[in-house]
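The following comprises the amino acid sequence and a computationally predicted model.
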Amino acid sequence: MNKSRLSVALLVIGSSLLAPTFAHAQNVRGFVFGAESSAPLQGVMVRLLSITLQPIDTVTTDFLGRFAFQARGPEQYIIVAERTGYGAAPQVVEVGPIALARVSVSIKMQPMGVAAESTLGDERIAHLRGRVVVSGTNDPVEGALVTLVGSGKTVLSRWDGRFVLGDVQPGLQQMRVEHLAYAGRTWAIEAQPGSAYDARIPIEVEAIALDGIEVSVRSRAVARKLEPVFERMERGLGGIFLTTHDFLQRGNGPVANMLQGLPSTRVTGNGGSSWRLSFRRGSSNLQAGCSPEIWVDGIRMVSARGDQSEFLAMSTLDVEVIEVFPSASSIPADYATNSFCMVGIWTKRGG
């Protein structure tokens with residue numbers, strides 16, 4: 001079986017010497033030769049197809065490997081060269097509207113062996129088998145999805161890169177090879193009735209673009225301080241807890257904006273020194289409400305009725321967790337306070 005590479009060089013030349021047979025016709029010329037020997041190949045079947053794969057003309061190369069077609073422009077065509085022991089991917093040729101236009105196309109073909117014909121018994125079908133490998137190294141590719149285009153037939157390549165597609169209808173067939181880590185590739189072959197084909201399909205490694213990953217690192221000292229806070233969150237011990245996830249969803253505004261709309265919570269003012277926080281319960285004077293203490297990283301910073309504005313205006317970009325305790329019964333024992341209500345702010349730097 002001849003395993004030589006096959007290269008097809010196509011020269012599209014508009015020549016007045018050949019007297020085109022219809023308007024805007026061009027003479028599509030080319031030659032076929034073996035890549036390893038550089039010798040012309042005689043008897044290669046060359047097909048001219050429309051862009052929708054409809055057959056237009058078929059010729060055979062002469063002893064110098066030459067062939068020629070007449071083609072109308074402007075139009076795109078597909079040319080496929082076929083010979084036992086070789087395979088050919090479809091190549092698109094652009095024929096322009098001007099009869100004397102000159103276009104040249106150089107095509108390199110990968111080797112594709114063909115098993116002995118007329119050994120399958122059924123002359124109405126063909127079988128396609130092959131091996132998917134990494135281009136340049138020939139390492140096998142496992143788990144590549146091989147699809148026979150237009151038929152719905154799919155198969156995964158094995159650990160050694162091999163695959164089999166059976167019961168293939170004769171004629172020009174296209175196989176699509178796809179893998180997450182490699183660039184997809186389409187391969188074409190003319191399936192002959194009663195034949196089995198063995199294809200070697202190289203695919204290129206392709207880098208996979210991944211979304212950015214954001215990593216948050218917390219020091220051990222901060223983590224130790226936050227352990228009881230997260231324990232209270234998990235146990236749901238009477239408070240309301242806001243985390244960086246909540247801050248992000250609400251635009252990472254100041255602390256006051258994060259507290260607005262919480263149950264039993266009232267925030268007044270429009271920013272800066274005018275912010276004021278109170279709770280509608282936790283005090284014997286319900287009309288006045290409860291003015292909370294504010295603690296930052298476990299330290300009392302504002303006593304009841306004190307000036308809260310500085311801490312309510314704090315950016316939540318620097319905050320890890322906010323604890324809200326609107327009543328005396330909800331305040332954990334970790335806070336040594338006699339207040340009726342309080343807010344605990346835990347920063348990312350831990351104080």
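Happy to help now that I have it.

can you give me the strands in the stretch 201-350 of the chain?
Under the criterion DSSP state E, counting those that start in this stretch, the stretch 201-350 of the chain contains strands at 240-243, 265-268, 276-279, 293-296, 299-302, 319-325, 342-347.

Which positions within the second one qualify as buried?
For strand 265-268, the neighbour count (16 or more other C-beta atoms under 10 Å) marks T265, V267 as buried. Where you see a C-beta, it was placed from the backbone N, CA and C, and this is true even at glycine.

Can you tell me which helices and strands it packs against?
Here strand 265-268 touches helix 255-259, strand 276-279, going by 3 or more C-beta pairs under 8 Å, 6 or more residues apart in numbering; DSSP states H and E.

A223: which of the ones you listed is closest?
helix 255-259 (21.9 Å; C-beta to C-beta).

Take the helices and strands packed on strand 265-268 and write them to CSV, including distance to Q308 and mean neighbour count.
Below are the helices and strands packed on strand 265-268 laid out as CSV (distance: least, C-beta to C-beta, whole Å; neighbours: other C-beta atoms under 10 Å):
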stretch, distance to Q308, mean neighbour count
helix 255-259, 9, 22
strand 276-279, 6, 21
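
closest to A183 out of the ones you listed?
Once the helices and strands packed on strand 265-268 are compared by C-beta to C-beta, helix 255-259 is nearest, at 47.2 Å.

out of all of them, which helix in this protein is the longest?
helix 220-235 (DSSP state H).

quick one on the thing from earlier: any chance of the helices and strands packed on strand 265-268 in CSV, plus mean pLDDT and distance to M233?
Below are the helices and strands packed on strand 265-268 laid out as CSV (pLDDT from 0 to 100; distance: least, C-beta to C-beta, whole Å):
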stretch, mean pLDDT, distance to M233
helix 255-259, 89, 15
strand 276-279, 87, 20
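
Adding distance to L41, write these out as CSV.
Converted to CSV, these look like this (distance: least, C-beta to C-beta, whole Å):
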stretch, distance to L41
helix 255-259, 76
strand 276-279, 87
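
of the ones you listed, which approaches S327 most closely?
strand 276-279 (7.5 Å).

packing partners for that closest one?
Contacts defined by 3+ C-beta pairs under 8 Å, 6+ apart place strand 276-279 against strand 265-268, helix 309-312.

Make sure T154 is indeed in a strand.
Yes - assessed with DSSP: H, G, I helix; E, B strand; the rest coil, T154 lies in a strand.

hey, what's the spatially closest residue to it that is not a sequence neighbour bridged with?
Leaving aside its chain neighbours, T154 sits nearest to T147 (4.8 Å; criterion: C-beta to C-beta, 6 or more residues apart in numbering). Residues in a beta bridge with T147, per DSSP bridges, are T154, R176.

Stretch 167-182: how far from the chain's middle?
21 Å (C-alpha atoms, centre = their mean, to the nearest Å).

Where does pLDDT dip in the protein?
1-25, 35-38, 84-91, 98-126, 193-198, 207-219, 237, 271-273, 281-288, 351 (pLDDT under 70).

Domain ranges for this structure, per the record?
If you go by automatic domain parsing, the domain ranges for the chain are 6-111, 115-203, 220-347.

Between the two ends of the last one, what distance do you get?
Its first and final residues considered, domain 220-347 spans 14 Å by C-alpha to C-alpha, to the nearest Å.

Just the C-alpha atoms of the helix or strand harbouring V46, please, in PDB.
Under the criterion of DSSP states H and E, V46 resides in strand 45-50. C-alpha atoms of strand 45-50 as PDB (Å, rounded to 0.1, in the frame of the first residue of the first chain):
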ATOM      1  CA  MET A  45      -9.100  11.100 -10.500                       C
ATOM      2  CA  VAL A  46      -9.800  14.800 -10.000                       C
ATOM      3  CA  ARG A  47     -13.400  16.000  -9.300                       C
ATOM      4  CA  LEU A  48     -14.800  19.500  -9.700                       C
ATOM      5  CA  LEU A  49     -17.700  20.100  -7.300                       C
ATOM      6  CA  SER A  50     -20.000  23.000  -6.600                       C
END
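
list the buried ones in that strand?
Quick answer for strand 45-50 (16+ other C-beta under 10 Å): M45, V46, R47, L48, L49.

Show me which pair in those residues is furthest apart.
Across these, the longest distance by C-beta to C-beta is 12.5 Å; it joins M45 and L49.

wait, what's in contact with V28?
Contact partners of V28, counting by C-beta atoms under 8 Å, 6 or more residues apart in numbering, are L10, V12, L48, A68, F69, Q70, A71, Y77, I79, V93, V95.

Tell me if I am right that it is in a strand.
Yes - when three-state DSSP is applied, V28 is found to be in a strand.

For it, give the beta-bridge partners.
Bridge pairing for V28 - DSSP bridges - gives V12, F69.

Could you check how far it is from D318?
As judged by C-beta to C-beta, to the nearest Å, V28 and D318 stand 71 Å apart.
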